[in-house]
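Asks: Quick one: sequence plus predicted model below, questions after.
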Amino acid sequence: MVKERFYVEEMRIERFRKLKDVELKFGKKITVVSGQNGVGKSNILSLLCSCSGTSKLKTYNNKNFQPEFYEYFILDKSEIAKDKDSKYGVFVNFKYSCEGGNPYVFTKSLTLKDDTETHGHVRIIPRTTNKYDKNISVLQAQQDVKRITKTGAAARVPIASQFVSLARLFPIGEANPKVTELHSRIKYNSISIVKKYRDWYNYVLPDSISEDEDTFIKLEKNLLESDSLALKLKNTPLEGQSIGQDNLGNIITSLINFYIISENEDYNGGILCIDEMDVSLHPDAQLRLFELLDIVSEELALQIIISSHSLTVIEKLLNNRKKSPDDYELIYLKNASMPYPTEILSIHHIKADLYMENYSVSPPVKVYFEDPNTQIIHKMLIDAAERLGMDTKLVADVEEIALALGKATLLKMNEQDQYFSSVCIILDGDGKYDGNYPNMYDHLQNEVKGSAQSSRAFNILTLPGHFPPEFYMYRIIYQYCENQEQHMRFWRSMDTVPDLTAYTVDRVKEHCISKVDLQKNSKINIFKSTDLQDYMIRFCEKTGILKDYYENNISELEKYINAYKEKIYILNSKNVAEKVY
């Protein structure tokens, strides 16, 4: 276990080619960078690798853990702008942590240097800066970083780093390969390392390499000036490997490189960037590869950044992110002409963007209510939220449909008919329960303790509280009448509006509260009088009592409104995405 770590925390791009004014966050374990072609995914990965690396540790073929941007992309001299408005500005924030010490965040500025005469290309130089900490000078920032990294002001952060570019690989048979069997006494050909390679490869593509294979083969691709480790596959000559098999071998080789150095005292974790991770892999293999990378990121203290178009990979990442948001991050870039990361991360939204460059406005999302009173309470809640200054704007229009089917029927229809997964269903407050409903008499003034345990499908929402609409309204009105001194401001305000002056506590008790003889064993049917329901609805709508009620319990209303907005957003994105097929 490493005692100190460096993490890439954030990249801020003021300007780099098409990327302008962009902030990108990175997870501690795995970050997926996605988006349509041409949004700069590969550039982002290469920029990251340009500010980290070390020459102290070596790969299996004695190369530095130090990728160079120019090895994968060409920087032209014309990109070294001198005027402020055109000058590139890329800044990467690193976080340093160690046992027993406080975390320290510092910034590297990626600057361009014209080395075409001496090295034949433009280079990227990472320079320590105080860009985001003006409380210290540049000199102080450089001294602090030097103390931690033991490197100069214009040096990489000493993290073993590798860039694997799968999109630029050829099938082995087309790359003029040279195959060399490696001597068994070479240190990285040990039994444990060969076993690691075999186990990791077979984890992704099961039963591909026999347990009897115990000697590495070195594959040199002359066409690409690259090489990798390999073990013979069952029933497949090396030259006949598919692109997917070969790409997986390159990824496993990179993991082996980190495994070899992981016991070195200078090892403090690593950064692995994989461009187009999913190239030519079946969705099941993509999922297995992601799971392998997740395991290895923990085992080898790796921060892994991958680019991918795979919905399988993106959905897996989003599920992991829900459980551990610090460890996993998705950067989804939109708008190829001037890319930016979307803040709305749902698999349906992303699917729609990946498959549809342009699509028409989606039809309204249908919202089904358990009964007409459910719909009435919902509208009152929206009105109260707006009057309290909440944002109730939806991403799509809705079509409201009030039914009279009952909770059980709606839940059964939602389970058995796929159509209902595309609509929002709003149940009464007691829709949170499958039984053991809170007793109305016991909770006329007392709050319900605890919460319902019944889980519901993602498209189902229940009204606030724990009761049907009739008792929901009656209970609030009852509390305002019985505790009129506490609600004096509300009652006195009735007298300032001509149409509301008749609503005094005494009159409301006479026309509403006294109409119900609530007992311990009472059922909801005692509230079914049409006159009583009409009176309660009219009173709540005209007086705006819910606005007053939720002023002192605003979190409950916010929770409902936000849940409603989220469900409409998810359903709209899902419905749009499903148009693709």
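Replies: Here it is on my side, so go on. Numbers count the residues shown, from 1 in each chain.
Asks: can you confirm residue 125 is in a strand?
Replies: Yes - applying DSSP: H, G, I helix; E, B strand; the rest coil, one finds residue 125 inside a strand.
Asks: thought it was touching residue 115?
Replies: No - the pair residue 125 / residue 115 is not scored as a contact, 9.4 Å apart, by CB atoms under 8 Å. C-beta here means a position set from N, CA and C on the backbone, and glycine is covered the same way.
Asks: secondary structure class for residue 34?
Replies: Under three-state DSSP, the three-state class of residue 34 is strand.
Asks: try residue 218
Replies: Per three-state DSSP, residue 218 ends up strand.
Asks: So what sits opposite it in the bridge?
Replies: Beta bridges link residue 218 to residue 180, residue 229, judged by DSSP bridges.
Asks: Could you tell me how many residues sit around it?
Replies: 17 (other CB atoms under 10 Å).
Asks: Just the helices from the stretch 201-350 of the chain, written as ranges.
Replies: 243-261, 283-299, 311-323, 347-355 (DSSP state H, counting those that start in this stretch).
Asks: okay, those helices in TSV with mean pLDDT and mean neighbour count next?
Replies: Listed next are the helices of the stretch 201-350 of the chain as TSV, based on pLDDT from 0 to 100; neighbours: other CB atoms under 10 Å:
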stretch	mean pLDDT	mean neighbour count
helix 243-261	90	22
helix 283-299	95	18
helix 311-323	92	17
helix 347-355	77	19
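Asks: From the recorded domain assignment, give the ranges for the protein.
Replies: Using automatic domain parsing, the domains assigned to the chain come out as 4-170+242-345, 172-240, 365-569.
Asks: Okay, buried residues for stretch 204-219 please.
Replies: 204, 205, 208, 209, 213, 216, 217, 218, 219 (16 or more other CB atoms under 10 Å).
Asks: how long is that stretch end to end?
Replies: End-to-end distance of stretch 204-219 (CA to CA, to the nearest Å): 20 Å.
Asks: pLDDT score for residue 222?
Replies: With respect to pLDDT, residue 222 has a value of 52.
Asks: picking up where we left off before, among the helices of the stretch 201-350 of the chain, which is nearest residue 476?
Replies: Ranking the helices of the stretch 201-350 of the chain by proximity to residue 476 (CB to CB) places helix 311-323 first, at 34.7 Å.
Asks: nearest to residue 576, of the domains of the chain?
Replies: domain 365-569 (8.8 Å).
Asks: measure the closest one end to end?
Replies: OK, domain 365-569 end separation, CA to CA: 9 Å.
Asks: avg pLDDT for that domain?
Replies: The average pLDDT for domain 365-569 rounds to 90.
Asks: Need phi/psi at the nearest residue to residue 378 once chain neighbours are set aside.
Replies: Leaving aside its sequence neighbours, residue 378 sits nearest to residue 426 (CB to CB, 6 or more residues apart in numbering; 6.0 Å). Taking degrees, to the nearest 10, you get phi -110, psi 120 for the backbone angles of residue 426.
Asks: before we move on, the earlier item: now, among the buried residues of stretch 204-219, which is nearest to residue 575?
Replies: The closest of these, once distances to residue 575 are taken by CB to CB, is residue 204, at 34.1 Å.
Asks: Tell me, what's the model's pLDDT at that closest one?
Replies: Residue 204 is given a pLDDT of 94.
Asks: Pull up the gap between it and residue 251, please.
Replies: Residue 204 is 9 Å from residue 251, where distance means CB to CB, to the nearest Å.
Asks: Show me the common contact partners of those two, please.
Replies: Residues touching both residue 204 and residue 251 (CB atoms under 8 Å, 6 or more residues apart in numbering) are residue 289.
Asks: re earlier: from the buried residues of stretch 204-219, pick the one nearest residue 104.
Replies: Residue 104 has its nearest neighbour among these in residue 204, at 36.8 Å by CB to CB.
Asks: which helix is the longest one in this protein?
Replies: helix 554-577 (DSSP state H).
Asks: Just list what that helix packs against, helices and strands only.
Replies: Applying 3 or more CB pairs under 8 Å, 6 or more residues apart in numbering; DSSP states H and E, one finds that helix 554-577 contacts helix 347-355, strand 365-369, helix 372-387, strand 424-427, strand 460-462.
Asks: looking at the ones you listed, which is closest to residue 512?
Replies: With CB to CB as the criterion, residue 512 lies closest to helix 372-387 of the helices and strands packed on helix 554-577, at 15.4 Å.
Asks: Can you give the contact residues for the following helix or strand past that closest one?
Replies: Heading C-terminal from helix 372-387, the first helix or strand you meet, by DSSP states H and E, is strand 398-402. If you take CB under 8 Å, 6+ apart as the criterion, strand 398-402 is touched by 364, 365, 366, 367, 368, 369, 371, 372, 374, 375, 424, 568.
Asks: Just want the angle from strand 398-402 to helix 554-577.
Replies: Per axes from the mean of the first three to the mean of the last three CA atoms, to 10 degrees, the angle that strand 398-402 makes with helix 554-577 is 110 degrees.
Asks: What residues of strand 398-402 count as buried?
Replies: Neighbour-count burial for strand 398-402 flags 398, 402 (criterion: 16+ other CB under 10 Å).
Asks: Sweet, I'm off.
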